[in-house]
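Colleague: turn this into a model:
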Amino acid sequence: MSSSLTLRSLSKRYDDVTIVNSVSFDVAEGEFVSLLGPSGCGKTTILRMIAGLLEPSGGQILFGDQDVTRLPANKRNIGLVFQSYALFPHMTVYENVAYGLRRQKVTGRELDARVMEALARVRLDQHAKRFPRQLSGGQQQRVALARSIAPRPSILLFDEPLSNLDAQLREEMQIEIKKLQADLKLTSLFVTHDQHEAMSLSDRICLMSGGNIQQLATPEDVYFQPANGFVSGFVGSPNKIEGSATSGGVRFGSGAVIAANVGFIEGAPVRATIRQEDVTLRPGGVGPLTGTIALRIFEGANVQYVVALTGGDEILARVSSRSDLATLAKGTPVALDIPADRVFLSPGGAAA
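Modeller: Below you'll find the predicted structure:
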């Protein structure tokens, strides 16, 4: 049966280096939360402490009302899906999935029923007698997923499970995982550095940097209402332009001014974070912010433009490839419209 997960002031230190700094959050029963952040931010360390593979330096880990902080890993009733699949090459698909159940002393008809049920959930029940080497990467990851759910864990942990797959398989597996988790209503914690995975899969995202939580919110809130400069600069592919605050916006080095909701004293160094899709181009238009198309990049569903602003700065804009604006040629003069409430300002020199 699924259980809630609670971390209370969880910390991990190695000598004088703090990897996880007093992190606290809750994952509700049946909720899917992703730990997202750059390499070294502490997300995998948190997952390994929850799994019982690392001992915390401080704090508590609770599954429901049970304190499991010092409980051995084999007593925690977790499912763990690894990046490397970790399948036994000498065992059939059936035996790989049965492995955890046998350790739980499940035998006979119940063993067979639970193995085949888990394989059916990932649509591999017809491959039970095959060996891992006879499967594709995506199929091997689905076996690993079936193996993790067969023992009916209370918490399901994912350690960057899709990073070894190509782009198409990764998208297919995202759908598989989301469907399975929703169907089983399993409390799930998913570690990734891929923001698209986190956005696609999660009920909430816990975005981390330097061992600290920067924002814990829904994917929509993380994207549209970033809590600080780190979040606004990490999520998406935004423009990050250094400048100085004015009474009504930010002035770049070229002298160009973009309107913004300013919370800084005039003249203070600031960084403007502007999402590419929030930049609207008007060919041949006039206005306070103008430039010319310096580069057009076709991306399939979208077209990205590099716009050279009058004065020397550059800004990126992205439009749908089916838009009337998708065929602007290099050298086309444009005006740029950017809503003031879509310009996120943080202190100049803030970490990206």
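Colleague: C-alpha only now, for contacts and for neighbours.
Modeller: Noted.
Colleague: report the contact partners of residue 69.
Modeller: 50, 52, 55, 56, 60, 61, 62 (C-alpha atoms under 8 Å, 6 or more residues apart in numbering).
Colleague: need those in a markdown table with secondary structure, distance to residue 141 and pLDDT, can you?
Modeller: Shown next, in a markdown table, are those (DSSP: H, G, I helix; E, B strand; the rest coil; distance: C-alpha to C-alpha, whole Å; pLDDT from 0 to 100):
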| residue | secondary structure | distance to residue 141 | pLDDT |
| --- | --- | --- | --- |
| 50 | helix | 22 | 98 |
| 52 | coil | 22 | 96 |
| 55 | coil | 28 | 96 |
| 56 | coil | 29 | 97 |
| 60 | strand | 31 | 97 |
| 61 | strand | 28 | 98 |
| 62 | strand | 28 | 97 |
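Colleague: in what helix or strand does the spatially closest residue to residue 122 that is not a sequence neighbour lie?
Modeller: Excluding its sequence neighbours, the residue lying closest to residue 122 (C-alpha to C-alpha, 6 or more residues apart in numbering) is residue 142, at 6.0 Å. Assigned by DSSP states H and E, residue 142 belongs to helix 137-149.
Colleague: same check on residue 199?
Modeller: Per DSSP H and E: helix 195-201 holds residue 199.
Colleague: output the contacting helices and strands for that helix.
Modeller: strand 32-36, helix 167-184 (3 or more C-alpha pairs under 8 Å, 6 or more residues apart in numbering; DSSP states H and E).
Colleague: residue 2 is nearest to which of those?
Modeller: helix 167-184 (8.7 Å; C-alpha to C-alpha).
Colleague: gap between the following helix or strand past the closest one and the chain center?
Modeller: Sequence-wise, the next helix or strand downstream of helix 167-184 (DSSP H and E) is strand 187-192. Computed by C-alpha atoms, centre = their mean, to the nearest Å, the chain-centroid distance of strand 187-192 equals 10 Å.
Colleague: where does pLDDT dip in the stretch 1-150 of the chain?
Modeller: Filtered on pLDDT under 70, the stretch 1-150 of the chain yields the residue ranges 1.
Colleague: give me the residues contacting the helix holding residue 199.
Modeller: 32, 34-36, 174, 177-178, 190, 192, 205, 219, 235-236.
Colleague: save the residues you listed as CSV, and put in distance to residue 291 too.
Modeller: CSV is the format used below for these (distance: C-alpha to C-alpha, whole Å):
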residue, distance to residue 291
32, 44
34, 39
35, 39
36, 36
174, 40
177, 45
178, 43
190, 42
192, 38
205, 37
219, 33
235, 26
236, 23
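Colleague: nearest to residue 269 among those?
Modeller: Looking across those and measuring by C-alpha to C-alpha, the closest to residue 269 is residue 235, at 22.2 Å.
Colleague: isn't that closest one up against residue 223?
Modeller: Yes: counting by C-alpha atoms under 8 Å, residue 235 does reach residue 223; the two are 6.5 Å apart.
Colleague: which one of those two has more residues nearby?
Modeller: More neighbours surround residue 235 than the other of residue 235 and residue 223, with 21 against 17 (other C-alpha atoms under 10 Å).
Colleague: which ones are touching the more buried one?
Modeller: Residue 235 sits next to 195, 222, 223 when contact means C-alpha under 8 Å, 6+ apart.
Colleague: which strand or helix spans the second one?
Modeller: The secondary structure element spanning residue 222 is helix 219-224 (assigned by DSSP H and E).
Colleague: the residue nearest to residue 203 when sequence neighbours are not counted pairs with what?
Modeller: Of all residues not flanking residue 203 in the chain, residue 32 sits nearest, at 5.3 Å (C-alpha to C-alpha, 6+ apart). Counting by DSSP bridges, residue 32 is bridged to residue 188.
Colleague: what residues does residue 32 make contact with?
Modeller: Residue 32 neighbours (C-alpha under 8 Å, 6+ apart): 181, 186, 187, 188, 189, 190, 201, 202, 203, 204.
Colleague: tell me which of the residues you listed is nearest to residue 318?
Modeller: Nearest to residue 318 among these, with distances taken as C-alpha to C-alpha, is residue 201, at 24.0 Å.
Colleague: what residues are up against residue 184?
Modeller: Neighbours of residue 184 in contact, by C-alpha under 8 Å, 6+ apart: none.
Colleague: all the strands of the stretch 1-150 of the chain, in order from the start?
Modeller: Using DSSP state E, counting those that start in this stretch, the strands of the stretch 1-150 of the chain run over 5-14, 17-27, 32-36, 58-63, 66-67, 78-81.
Colleague: looking at the ones you listed, spot the one closest to residue 272.
Modeller: Of all the strands of the stretch 1-150 of the chain, strand 32-36 comes closest under C-alpha to C-alpha, at 22.7 Å.
Colleague: wait, residue 310 touches residue 287, no?
Modeller: No: if you go by C-alpha under 8 Å, residue 310 and residue 287 don't touch, sitting 11.5 Å apart.
Colleague: which one's more surrounded, these two?
Modeller: It is residue 310, of residue 310 and residue 287, that has more neighbours when counted by other C-alpha under 10 Å, with 15 against 10.
Colleague: what about the residue of the chain positioned farthest from its centre, distance to residue 115?
Modeller: Distance to the chain centre peaks in the chain at residue 108, reaching 40.5 Å (criterion: C-alpha atoms, centre = their mean). Residue 108 sits 11 Å away from residue 115, going by C-alpha to C-alpha, to the nearest Å.
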